[in-house]
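# Sequence and predicted structure, then a few things I'm wondering about:
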Amino acid sequence: MSATYFGVPREELRTAVLWVWILLSAATAASAAAPFVVDRHLLDSVTPVCVSRSKLGRECPGCGLTTSFHQIAAFNWAGAAQTNRAGLPLFALFTLNAAGCLIYVARRLSRRR
């Protein structure tokens, strides 16, 4: 009898978690890459207005991240840090996670051949 977690067989749960990681990695990689390939004005026009800022008049922890990522794309590290202090570490985390995910998927695909 195989182990189960939350009533789900271990291998099914592992597969589900891997797919969630791959999909989240693709989404975060896209958000990190977008400022490099999409015009700033276009990206700003599709980015939603912060609810905290519009309803409460206060910035949330995510306010300025889009601008910070734009600053990173322009290699303006000081501007990126000034816009949102979490921008640089978050961008690095997104990029490293995407790289790790790509390496994992490439290795898995090469084993199947």
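Nice, I can see it.
# worst-scoring helix or strand of this structure, pLDDT-wise?
None of the helices or strands of the chain scores lower by mean pLDDT, DSSP states H and E than strand 4-5, at a mean of 80.
# Span of stretch 42-52 from start to end?
End-to-end distance for stretch 42-52: 22 Å, by CA to CA, to the nearest Å.
# That one: which residues count as buried?
For stretch 42-52, a neighbour-count test (16 or more other CB atoms under 10 Å) marks 43, 50 as buried. Every C-beta, even on glycine, is put in place using the N, C-alpha and C of the backbone.
# go on, stretch 50-60?
By 16+ other CB under 10 Å, the buried positions in stretch 50-60 come out as residue 50.
# Same check on stretch 5-13?
Judged by neighbour count (16+ other CB under 10 Å), stretch 5-13 contains no buried residues.
# How far off centre is that stretch?
On the basis of CA atoms, centre = their mean, to the nearest Å, stretch 5-13 is displaced by 27 Å from the centre of the chain it belongs to.
# re the thing from before, ok now the least confident helix or strand of the chain, how far from the chain's centre?
Offset of strand 4-5 from its chain centre (CA atoms, centre = their mean): 29 Å.
# and the next element down the chain from it?
Next along the chain after strand 4-5, taking DSSP states H and E as the criterion, comes strand 8-9.
# Report the mean confidence score over that next one.
Averaged over strand 8-9, pLDDT sits at 86.
# Tell me who's in contact with the most centrally placed residue in the chain.
Nearest residue to the geometric centre of the chain (CA atoms, centre = their mean): residue 28, 2.1 Å. By CB atoms under 8 Å, 6 or more residues apart in numbering, the contact set of residue 28 is 94, 97, 98.
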